[in-house]
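>>> sequence? don't have it. structure:
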């Protein structure tokens, strides 16, 4: 299972420069002349036992003027920490180049508007895009103000994803935050004006019901953007809603529910959340809540019956956020802001009093969307799927852009037979890891000389149809496209059959008819771990139990590969039928 961990990191102008007109607005971006919290997060990842994942750091500057500085700052931090995990940067300049690729391959203009790194929801979407380009099975979303405290966090994160629980497939898994006191409650002091805006007490009730009680895995009405685990079938289909300004994590859960994807919470999947103290006044914080809840309520209210979708109600989201998505929302806003205004007045803060009262007017006019949010989201979902389709077909072109910001590239040395200079022990350990073989040191020492690694650079042919094959391979890294050479109207044309990436098996034909039936080409730098069929037989002779286990695992991987290829064909067919239906309808 290919895992990608994605961490957005937000950077602003120098501290003395302050915010300027047209700069993006985030809660606590790090001034470019300060260190921020990213290094603390990366250092905490050293505790992780399982480092079998790719790490993507999305560099999100508040203005294009500091893009180069922000990129250099993040690279400096990564080099200082020295993580073992393969680490990529994803920058605004990368996204601009990728946007040109999507344009080239006919992405509609409405889809291109989703390709931006400004705003929380858009940044989250770029997390999903990066995971898709890297062919992730699982996307793990983390924030740069968090600290890992569980050494088995990655194992827990992927343990249930894609599996069935209580009759439903787990497409989304929510973890949760612990505050500085190791509690899952919000670290907020209750005040009298919150009597009617009891968001934190309602959240505490919801957290007690979902996080604080067994069983470990349960359905949830809320999720946390910095502790969210998503299956590829979900993130390739469902985008974050770019029109929501805050609360994009819970909104994503709602969108997923509308499209029939099940979201669960694991009450053992915690991460320490240590945000920088917010400096915004209370009237501004409640205003942000007003925008999010009014928008989400409008989306729920604007739903209409349509095929393949589920009608979601505020009651489905009780106690939180459902309590704030019902018909008494306007009354809650009125009463709470009136009390807040009185509190400001008693403290002699006339400006704060005016802003609190202004929240009431904003909730009735400005916060209400001028469009149908449900229909608008459905349109965005359709074009997001189109982007995913282009990503699948043009992953090499997009991946090539990302590889330029692969901070862990290593020089490759190989001989005339494409065999890389790598130790026998390292090869055998990689094979053992790829096949999840539970074998001892002595057994590993016995078989390590039977393996070798072959490397191919981009666009190199790996094999051709009809070539003799006596070797079984496992893809260590990279991507291979399998294709048949057809003959259409007298012209030769490639017909892509499948794409293989890290963990996939290749060359099963060595166990049967000894020839390749398709052509194979490396779409990017690719490494294959190989073992001759005759050496597999040697393992069987020396250790029958181990040999049989290898055959069983090869068969299981081959079946998984075939199933995935068939599902992809069905998905492509259904997408084609859907597009034709839409065109005919228009």
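Cool, got the structure. Not measured: the values here are computed from a predicted model.

>>> Torsion angles phi and psi at the residue lying closest to residue 49 once chain neighbours are set aside?
The spatially closest residue to residue 49, leaving aside those adjacent along the chain, is residue 151, at 4.9 Å (CB to CB, 6 or more residues apart in numbering). Every C-beta, even on glycine, is put in place using the N, C-alpha and C of the backbone. With angles defined as degrees, to the nearest 10, residue 151 sits at phi -70, psi -20.

>>> okay, now residue 151: neighbour count?
Residues lying near residue 151 (other CB atoms under 10 Å) number 12.

>>> And it, how close does it get to residue 478?
Using CB to CB, to the nearest Å, one gets 29 Å for the distance from residue 151 to residue 478.

>>> Check residue 111 too.
Residue 111 is 27 Å from residue 478, by CB to CB.

>>> which residues touch residue 69?
11, 32, 61 (CB atoms under 8 Å, 6 or more residues apart in numbering).

>>> How about residue 214, nearest residue that isn't a chain neighbour?
Nearest to residue 214 is residue 267, by CB to CB, 6+ apart, at 7.7 Å.

>>> Can you check my assumption that the one you found lies in a helix?
No: in this structure, residue 267 is strand, not part of a helix, as judged by DSSP: H, G, I helix; E, B strand; the rest coil.

>>> That one: neighbouring residues, count only.
Residue 267: 20 surrounding residues under other CB under 10 Å.

>>> My read is that it contacts residue 209, right?
No: Residue 267 is beyond contact range of residue 209, at 10.6 Å (criterion: CB atoms under 8 Å).

>>> Same list, the contacts of residue 69, but as TSV with secondary structure and neighbour count please.
As requested, the contacts of residue 69 are arranged in TSV below (DSSP: H, G, I helix; E, B strand; the rest coil; neighbours: other CB atoms under 10 Å):
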residue	secondary structure	neighbour count
11	strand	24
32	coil	20
61	strand	26
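
>>> a markdown table please, covering those and showing pLDDT and distance to residue 507.
Below are the contacts of residue 69 laid out as a markdown table (pLDDT from 0 to 100; distance: CB to CB, whole Å):
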| residue | pLDDT | distance to residue 507 |
| --- | --- | --- |
| 11 | 96 | 46 |
| 32 | 94 | 50 |
| 61 | 95 | 46 |
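
>>> which among those residues gets closest to residue 403?
Residue 403 has its nearest neighbour among these in residue 61, at 22.0 Å by CB to CB.

>>> how far away is the nearest residue to the closest one once chain neighbours are set aside from residue 93?
Nearest in space to residue 61, with sequence neighbours left out and distances taken as CB to CB, 6+ apart, is residue 70 at 4.4 Å. According to CB to CB, residue 70 stands 11 Å off from residue 93.

>>> who has more neighbours, the two?
residue 70 (25 against 17).

>>> Could you double-check that the more buried one lies in contact with residue 11?
Yes: using CB under 8 Å, residue 70 is in contact with residue 11, at 4.0 Å.

>>> quick one on the thing from earlier: and the residue nearest to residue 49, what does it touch?
Per CB under 8 Å, 6+ apart, neighbours of residue 151: 47-49.

>>> switch to 10 Å and redo it
46-50 (CB atoms under 10 Å, 6 or more residues apart in numbering).

>>> Write the PyMOL selection for whichever of those residues are buried.
Only the buried members of the contacts of residue 151 end up in this PyMOL selection, burial being decided by 16 or more other CB atoms under 10 Å:
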select buried, resi 48
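
>>> can you name the two of the contacts of residue 151 that are farthest apart?
It's 46 and 50 that sit farthest apart of those, by CB to CB, at 12.4 Å.

>>> got any residues that touch both of the two?
Joint contacts of residue 46 and residue 50 (CB under 10 Å, 6+ apart) are 85, 151.

>>> if we can go back for a sec, using a markdown table, please lay out the contacts of residue 69 together with distance to residue 80.
Below are the contacts of residue 69 laid out as a markdown table (distance: CB to CB, whole Å):
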| residue | distance to residue 80 |
| --- | --- |
| 11 | 16 |
| 32 | 16 |
| 61 | 20 |
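
>>> Which of the residues you listed sits closest to residue 448?
residue 11 (45.8 Å).

>>> Bridge partners for the closest one, pull those for me.
residue 30, residue 61 (DSSP bridges).

>>> hang on, isn't it packed against residue 58?
No: counting by CB atoms under 10 Å, residue 11 stays clear of residue 58, with 11.0 Å between them.

>>> so what's in contact with the two at the same time?
Common neighbours of residue 11 and residue 58 (CB under 10 Å, 6+ apart) are residue 74.

>>> which SS class is the residue positioned nearest the centre of the chain?
The residue lying closest to the centre of the chain (CA atoms, centre = their mean) is residue 139, at 3.2 Å. Following three-state DSSP, residue 139 is assigned to strand.

>>> which residues does it contact?
2-6, 56, 127-132, 161, 228-232, 234-236 are the contacts of residue 139 under CB under 10 Å, 6+ apart.

>>> Can you pull the domain assignment for this structure?
Listed domain ranges for the chain are 3-401, 411-577 (source: automatic domain parsing).

>>> Out of those, which gets the lowest mean score?
Of all the domains of the chain, the minimum mean pLDDT falls on domain 411-577 (a mean of 74).

>>> How much space separates the spatially closest residue to residue 165 that is not a sequence neighbour from residue 262?
Closest residue in space to residue 165, ignoring its immediate chain neighbours: residue 217 at 5.4 Å, by CB to CB, 6+ apart. Counting by CB to CB, the separation of residue 217 from residue 262 is 11 Å.

>>> Give me the common contacts of these two.
Counting by CB under 10 Å, 6+ apart, the residues touching both residue 217 and residue 262 are 165-166, 170, 173.

>>> I'd like the residues you listed as a markdown table, with distance to residue 325 appended.
Below are the shared contacts of residue 217 and residue 262 laid out as a markdown table (distance: CB to CB, whole Å):
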| residue | distance to residue 325 |
| --- | --- |
| 165 | 26 |
| 166 | 25 |
| 170 | 25 |
| 173 | 23 |
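
>>> all strands for the stretch 51-200 of the chain, in order.
54-61, 86-90, 138-142, 146-147, 164-165, 168-178 (DSSP state E, counting those that start in this stretch).

>>> export those strands to JSON lines and tack on distance to residue 326?
Shown next, in JSON lines, are these (distance: least, CB to CB, whole Å):
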{"stretch": "strand 54-61", "distance to residue 326": "34"}
{"stretch": "strand 86-90", "distance to residue 326": "39"}
{"stretch": "strand 138-142", "distance to residue 326": "29"}
{"stretch": "strand 146-147", "distance to residue 326": "32"}
{"stretch": "strand 164-165", "distance to residue 326": "29"}
{"stretch": "strand 168-178", "distance to residue 326": "23"}
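
>>> between these, which one is nearest to residue 40?
That would be strand 146-147 among these, by CB to CB, at 6.3 Å.

>>> which secondary structure elements does the closest one contact?
helix 38-44, strand 168-178, strand 262-273 (3 or more CB pairs under 10 Å, 6 or more residues apart in numbering; DSSP states H and E).

>>> Quick one, which of these gets closest to residue 471.
Using CB to CB, the helices and strands packed on strand 146-147 put strand 168-178 closest to residue 471, at 35.9 Å.
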